[in-house]
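S.K.: No sequence on hand, only this structure:
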């Protein structure tokens, strides 16, 4: 049995690390080039769009007209089989003179975090700092930068001062 020398072993490991780095680095480039592609899902399963309403920790009284806020919830989403996947979902809220809207806080460009920036102009208050992407908080539409589409809209329900998350979209 022939043994591999230490230098050859280190060379093989180095090549594998370089190849791994190359393929990992290529992922964002492909996402920019093919931004309309659907995200990879295990076994091509997409989570259901609807679930039991979730009471958010932010209240209507916390969001003055013309202001925004954010929230995070943990969902147990099924995938192929009886198991569940825990997924943390982040969202943005905006009070457009009493009409509260909710959107995903994930930028559709490279999945960076979008946050409410009250010091920016109205059309740029939902802002992604990765590549200076901005969205109109009233509509979720892109107003600046490279994002290929608007933010996904979440469905919420208002009951008095409580805000419930009803749907995050997705599914068939």
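M.R.: Yep, it's here. Computed from a prediction, not measured in an experiment: that's the story for all the values here.

S.K.: Excluding chain neighbours, what is closest to residue 102?
M.R.: Using CB to CB, 6 or more residues apart in numbering and skipping the chain neighbours, the partner closest in space to residue 102 is residue 154 (4.1 Å). (Glycine included, C-beta is placed from N, CA and C.)

S.K.: That neighbour: what secondary structure?
M.R.: Taken by DSSP: H, G, I helix; E, B strand; the rest coil, the conformation at residue 154 corresponds to strand.

S.K.: tell me, how many neighbours does it end up with?
M.R.: Residue 154: 21 surrounding residues under other CB atoms under 10 Å.

S.K.: Can we start the residue count at 254 from this point?
M.R.: Sounds good: first residue 254 from here, last item residue 407.

S.K.: Please report how far it lies from residue 358.
M.R.: 10 Å (CB to CB, to the nearest Å).

S.K.: Ok, residue 397 next?
M.R.: For residue 397, the distance to residue 358 - CB to CB - is 17 Å.

S.K.: So for the two, which residue has more residues nearby?
M.R.: Shown here are residue 397 and residue 358; by other CB under 10 Å, residue 358 has more neighbours (23 against 17).

S.K.: Quick check, the more buried one in contact with residue 347.
M.R.: No. The criterion here is CB atoms under 8 Å, and residue 358 misses it with residue 347 at 11.6 Å.

S.K.: Can you tell me which helix or strand of this structure has the lowest average pLDDT?
M.R.: helix 259-286 (a mean of 78; mean pLDDT, DSSP states H and E).

S.K.: So which residue is smack in the middle of the chain?
M.R.: Nearest residue to the geometric centre of the chain (CA atoms, centre = their mean): residue 359, 2.6 Å.

S.K.: what is that one paired to in the beta sheet?
M.R.: Counting by DSSP bridges, residue 359 forms beta bridges with residue 366.

S.K.: Show me which positions of the strand of greatest length in the chain end up buried.
M.R.: Ranked by number of residues, the top strand in the chain under DSSP state E is strand 337-349. Residues of strand 337-349 classed as buried by neighbour count (16 or more other CB atoms under 10 Å): 342, 344-348.

S.K.: ok so, going back, how distant is the least confident helix or strand of the chain from the center of its chain?
M.R.: Relative to its parent chain, helix 259-286 has a centroid offset of 27 Å by CA atoms, centre = their mean, to the nearest Å.

S.K.: rewinding a little: which residues touch the residue nearest to residue 355?
M.R.: By CB atoms under 8 Å, 6 or more residues apart in numbering, the contact set of residue 407 is 344, 355-357, 418-422.

S.K.: Kindly report the same for residue 359.
M.R.: Per CB under 8 Å, 6+ apart, neighbours of residue 359: 343, 365-367, 404-405.

S.K.: picking up where we left off before, with pLDDT and distance to residue 278 as added columns, please give the buried residues of strand 337-349 in JSON lines.
M.R.: Shown next, in JSON lines, are the buried residues of strand 337-349 (pLDDT from 0 to 100; distance: CB to CB, whole Å):
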{"residue": "342", "pLDDT": "86", "distance to residue 278": "27"}
{"residue": "344", "pLDDT": "93", "distance to residue 278": "30"}
{"residue": "345", "pLDDT": "94", "distance to residue 278": "30"}
{"residue": "346", "pLDDT": "95", "distance to residue 278": "35"}
{"residue": "347", "pLDDT": "95", "distance to residue 278": "35"}
{"residue": "348", "pLDDT": "94", "distance to residue 278": "41"}
